[in-house]
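Participant: here is a sequence together with a model predicted from it:
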Amino acid sequence: MNGTRLSPTGLAEPAARRLPLTARPGAVAEAREFTAAFLADVTDPMMVADAVLLVSELVGNAVRHTRGPRALLLIRAGGRLRIEVSDESPRPPTPRPPHGPDEKGGLGLFLLLSIALQWGWRPMGPGKTVWCDLRLPGGPPQG
């Protein structure tokens, strides 16, 4: 089974997959593709789209606002997907309210607040890790 286990919902549930990252061009696209591949067996396309969107925003924020992302970690457990993005800055993420359509950026953490079940951050080495949880199909109800 190559380290794959089945959850009670029947979805393949690798414990975790990690993608090392840097601020190189294409890092955000690589993180999106990695996430979509990790969730290839999930039958809810909207959940997968939400996960890919949040990964794109978190990795994009690390590229734009820090010295660069270090890694993306995806964990499937207990009917949830945990997304973790580590970066090189110790500064906490600060959500901003949405702004006008003519302004660039500023929606990443707003989307996180709107889509994720929960989110947070923690110091990690010289930087931090920003994380969020999404409900997998067949996972425990939101609450």
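Facilitator: Arrived safely, thanks for sending.

Participant: what does the helix or strand containing Arg76 rub up against?
Facilitator: For Arg76, the host element (DSSP states H and E) is strand 69-77. Residues outside strand 69-77 that contact it (C-beta atoms under 8 Å, 6 or more residues apart in numbering): 7, 11, 13-23, 27, 31, 34-35, 38, 55, 58-59, 62-63, 81-88, 127, 136. Placement of C-beta: from N, CA and C, glycine included.

Participant: those residues in helices, which ones?
Facilitator: 27, 31, 34-35, 38, 55, 58-59, 62-63 (DSSP state H).

Participant: surely Leu53 touches Ser114?
Facilitator: No. Checked against C-beta atoms under 8 Å, the pair Leu53 and Ser114 is beyond contact range at 10.4 Å.

Participant: compare those two (neighbour count), which wins?
Facilitator: Neighbour count, other C-beta atoms under 10 Å: between Leu53 and Ser114, Leu53 has more, with 16 against 11.

Participant: got the contact list for that one?
Facilitator: 111, 115.

Participant: report how many residues lie close to Phe110.
Facilitator: 15.

Participant: packing partners for the helix or strand of the chain with the lowest mean pLDDT?
Facilitator: Least confident helix or strand of the chain, by mean pLDDT, DSSP states H and E, is helix 108-115 with a mean of 81. Here helix 108-115 touches helix 45-65, going by 3 or more C-beta pairs under 8 Å, 6 or more residues apart in numbering; DSSP states H and E.

Participant: how far out from the middle of the chain is the helix it packs on?
Facilitator: 6 Å (C-alpha atoms, centre = their mean, to the nearest Å).

Participant: now do the closest residue to Ile115 other than its chain neighbours against Ala31, distance only.
Facilitator: Computed as C-beta to C-beta, 6 or more residues apart in numbering, the closest residue to Ile115 that is not its neighbour in sequence is Asp50, at 5.1 Å. Asp50 is 15 Å from Ala31, where distance means C-beta to C-beta, to the nearest Å.

Participant: do Trp119 as well
Facilitator: 17 Å.

Participant: those two: who's more crowded?
Facilitator: Neighbour count, other C-beta under 10 Å: between Trp119 and Ala31, Ala31 has more, with 26 against 19.
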